[in-house]
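K.L.:
Build me a structure from this.
(chains A and B)
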Amino acid sequence: MTTIGIDKASRWFGNVVAVNDITMSIGPGVTGLLGPNGAGKSTLINMMAGFLSPSTGAVTLDGAAIWRNEQAYRQIGIVPERESMYDFLTAREFVVANAELHGLPDPGAAAQRALATVEMEYAQDRRIETYSKGMRQRAKMASALVHDPSVLLLDEPFNGMDPRQRLHLMDLLRRMGAEGRTVLFSSHILEEVEQLAHHIEVVVAGRHAASGDFRKIRRLMTDRPHRYLVRSSDDRQLASVLIAHASTAGIELDWTEKALRIQAVDFAAFTEFLPRIARDHGIRLFTVSPSDESLESVFSYLVTA
Amino acid sequence: MSTTAAGPAGVHTPNPPALAPVQAGIYHATVGRLTYRALLGRRRALLLLALPLLLLVIVSAVRALAGQDDTTTANLLQGFALSAMVPLIGVIAGTGAIGPEIDDGSIVYLLAKPIKRATIISTKLLVAMAVSIAFCAIPTLLAGFVLNGNGQRLAVAFAVAAAVASVAYSAIFLMLGVITRHAVVVGLVYALVWEGVIGNVVPGARTLSVQQWSLAVAQHLSAGSAVTSDVSLTTGVVLLVLVTAAATWFAVRKLATLKLAGEE
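P.N.:
Numbers count the residues shown, from 1 in each chain, chains lettered A, B, ... in the order given. So this is what the prediction gives:
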């Protein structure tokens, strides 16, 4: 069992703080690192991968510092976000080279095993430069798995993948997690993370915003106050009936937009209540649009929660 | 927890942590092979071949038109081979051995391995040296023979000078490749402006140029008086060794703490 420990780690570049005093511990199974773009996910992963030193604090693998510790790579497999590999090689040559770089006793056999795991044998003798995005991702996976690591770090592994490739990779990662490996992947898409990870760490603007079970994170995200912009055949009457209901926290009549700005507290109840109340009072709804559904606003709510 | 579960790939038995030592040494065969293939792949190989071919074309023409002459030989071998071809090939081989990998991020596949960073640098340096020696010293030797049939031992002298200069340039430009993304530009400016222009115009600067140091070696090896250097053989050799060692040390240091900034 291998555990990655992040202890009061911060990382800044010049006077920009990318990671701000984060403490978390990542153990066996699949963990999702969720956050909007620019939240510091890559910086965190780069620190866990030994490619960046924490400015303060510690990033460790079973207690041993990872930065400037080449020995750690015997246990860590890394799938970088960037596309470039040794594109002039075939996948087989590339994975064999990775096996040799790990000093494995039988690089050829290890490479074949890894290529079989990611189901890339059919294209293993083609140059990597001819590969699609999804094939590249699998070649990267094979290179990361070739030494049978107990930790797997993946930076935005689903970016640019088609749905079929996505499912395939999810299956593979689930299997890796079930085998007792510590699998950590980053993503900025909640649905992606909750499909795959039992445990989710949320990072927003360099800070550790939430941590836990995906249900807990999901609840945090849906329970936040939602804002809607509503236009109807009778805004004033709609406002008066809405304000009487517990799911509504506030209503504003916006004269310039000729619309109602509604703040709802109970997401599920409000979405059910609004159409029902409109029908009962003979009010026609022209527009119902969530006005703060951007991922950033969801995440920033989490930080303050 | 050594949880083992049978997957299609077989049973997962996690590696025993940290038993085998980190791979060290001055040459790692796999790192070397990858570097050779990257350096000699298609476009870059053509670039590396262009200058030696140009040298051979020029010397053949000179020999055909002007006949055999020791002074002309020395001038051409110094003026074109040693002061232009060698530094330019040094830039291509030295920066090319590591710069592109750092640029496109594929260096992570070397760095995320139980291999000493010093081993990665020394391997890449040896490859860069071998490539520049092959593309500099051999054409220089051939050119010398074409020009005056190794009279005054000029062909051999300049070939050896080209080889020692290749070694120093490889180290300098490899270091540049580690420390800056603009290694090729910086390298070209250094090679052409410092070694070429300033080195030929400002007397003081001449004693601080790889070209002059290697010229001291050529002067020592040649039989006549056609080659002269501003520095003594001892100074030249000592400075060549010092600069090569310092550049290598610095490159190792920089690679050991290379920051791979994310995409963010």
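K.L.:
Can you verify B:Ala20 is assigned to a strand?
P.N.:
No: read with DSSP: H, G, I helix; E, B strand; the rest coil, B:Ala20 is coil and lies in no strand.
K.L.:
Which pLDDT does the model give it?
P.N.:
You'll see B:Ala20 listed with a pLDDT of 75.
K.L.:
Provide a list of residues in contact with it.
P.N.:
The contact partners of B:Ala20, taken as C-beta atoms under 8 Å, 6 or more residues apart in numbering or on different chains, are A:Arg74, A:Gly103, B:Pro114. All C-beta atoms are positioned from the backbone trio N, CA, C, and that covers glycine.
K.L.:
Which residue is the nearest non-sequential neighbour of the first one?
P.N.:
On the basis of C-beta to C-beta, 6 or more residues apart in numbering or on different chains, the spatially nearest residue to A:Arg74 that is not a chain neighbour turns out to be B:Pro114, at 5.2 Å.
K.L.:
CA-only coordinates of stretch B:211-225 in CSV, if you can.
P.N.:
C-alpha atoms of stretch B:211-225 as CSV (Å, rounded to 0.1, in the frame of the first residue of the first chain):
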residue,chain,number,x,y,z
GLN,B,211,38.5,28.5,-31.5
GLN,B,212,41.8,29.9,-30.3
TRP,B,213,42.3,27.2,-27.7
SER,B,214,41.8,24.4,-30.3
LEU,B,215,44.0,26.4,-32.7
ALA,B,216,46.8,26.1,-30.1
VAL,B,217,46.4,22.3,-30.4
ALA,B,218,46.6,22.6,-34.2
GLN,B,219,49.7,24.7,-34.0
HIS,B,220,51.4,22.2,-31.8
LEU,B,221,50.5,19.3,-34.1
SER,B,222,51.4,20.9,-37.4
ALA,B,223,54.9,20.7,-38.8
GLY,B,224,55.3,24.2,-40.3
SER,B,225,54.5,27.8,-39.3
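K.L.:
residues of that stretch that come out buried?
P.N.:
Buried residues in stretch B:211-225, defined by neighbour count with 16 or more other C-beta atoms under 10 Å in any protein chain shown: B:Gln211, B:Gln212, B:Trp213, B:Ser214, B:Leu215, B:Ala216, B:Val217, B:Ala218, B:Gln219, B:His220, B:Leu221, B:Ser222.
K.L.:
quick revisit: could you count how many residues lie near the residue nearest to A:Arg74?
P.N.:
Neighbour count for B:Pro114, taken as other C-beta atoms under 10 Å in any protein chain shown: 21.
K.L.:
Wait, it touches A:His102, no?
P.N.:
Yes: in this structure, B:Pro114 is within contact of A:His102 by C-beta atoms under 8 Å, at 6.6 Å.
K.L.:
if I look at the two, which residues touch both of them?
P.N.:
Both B:Pro114 and A:His102 are contacted by A:Tyr73, A:Arg74, under the criterion C-beta under 8 Å, 6+ apart.
K.L.:
Name the surrounding residues that touch the helix or strand where B:Arg33 lies.
P.N.:
Take DSSP states H and E as the rule and B:Arg33 turns out to sit in helix B:29-39. Here helix B:29-39 makes contact (C-beta under 8 Å, 6+ apart) with A:86, A:88-89, A:97, A:100-101, B:44-45, B:48, B:93, B:96-98, B:100-101, B:110, B:115, B:119-120, B:123-124, B:126-128, B:131.
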